[in-house]
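**Student:** Got a sequence here, can you model it:
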Amino acid sequence: MAFLAILNPGDEVLIPSPYWVSYPEQAKLAGATSKIIRGEESQGFKITPKQLEAAIGPKSKILILNSPQILQAMRIRPMNSRLLRMSS
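**Tutor:** Predicted coordinates for the structure are as follows:
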């Protein structure tokens, strides 16, 4: 399981909602916490760069790039690369 290899206790996993139910449990198993970022229906269940930037904190280590759009074969627009760079 990748989470066990990457995460340390106290790290944070950013999970856009909606999400697979197993993601928070996988983070918990690795000793990390989950921060859920709500994707609103009015936005097509996509989070905005502003929401992502607000969610990133000093303990953020992983951003899950899961999307209902992937399941529907839709393309995720590239986000600002500055927001996707998170250091451990």
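
**Student:** Please count neighbours and contacts with C-alpha atoms only from this point.
**Tutor:** Will do.

**Student:** Mind checking what secondary structure residue 37 has?
**Tutor:** Here residue 37 takes the strand state, with states given by DSSP: H, G, I helix; E, B strand; the rest coil.

**Student:** I'd say it and residue 54 touch.
**Tutor:** No. Residue 37 lies out of contact with residue 54 (CA atoms under 8 Å); the separation is 9.5 Å.

**Student:** tell me which element residue 54 is part of?
**Tutor:** Assigned by DSSP states H and E, residue 54 belongs to helix 49-55.

**Student:** average pLDDT across that helix?
**Tutor:** Averaged across helix 49-55, pLDDT comes to 91.

**Student:** Also stretch 22-37?
**Tutor:** The pLDDT scores in stretch 22-37 average 95.

**Student:** just the strands in the chain please.
**Tutor:** Along the chain, the stretches classed as strands by DSSP state E are 12-17, 33-38, 60-63.

**Student:** before we move on, the earlier item: looking at residue 37 and residue 54, which is more packed in?
**Tutor:** residue 37 (19 against 11; other CA atoms under 10 Å).

**Student:** The closest residue to the more buried one other than its chain neighbours: what's it in contact with?
**Tutor:** The shortest distance from residue 37 to any non-neighbouring residue, by CA to CA, 6 or more residues apart in numbering, is to residue 16 (4.5 Å). Residue 16 makes contact with 36, 37, 38, 39, 46, 47, 64, 65, 66, 67 under the criterion CA atoms under 8 Å, 6 or more residues apart in numbering.

**Student:** Give me the buried stretch members for the helix holding residue 54, please.
**Tutor:** When neighbours are counted by 16 or more other CA atoms under 10 Å, the buried residues of helix 49-55 are found to be residue 52.

**Student:** Run the chain-centre distance for it.
**Tutor:** Relative to the chain's own centre, helix 49-55 is displaced by 11 Å; criterion: CA atoms, centre = their mean, to the nearest Å.

**Student:** re the thing from before, tabulate the strands of the chain (CSV), appending distance to residue 26.
**Tutor:** Shown next, in CSV, are those (distance: least, CA to CA, whole Å):
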stretch, distance to residue 26
strand 12-17, 10
strand 33-38, 9
strand 60-63, 12
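
**Student:** Thanks again, I'm all set now.
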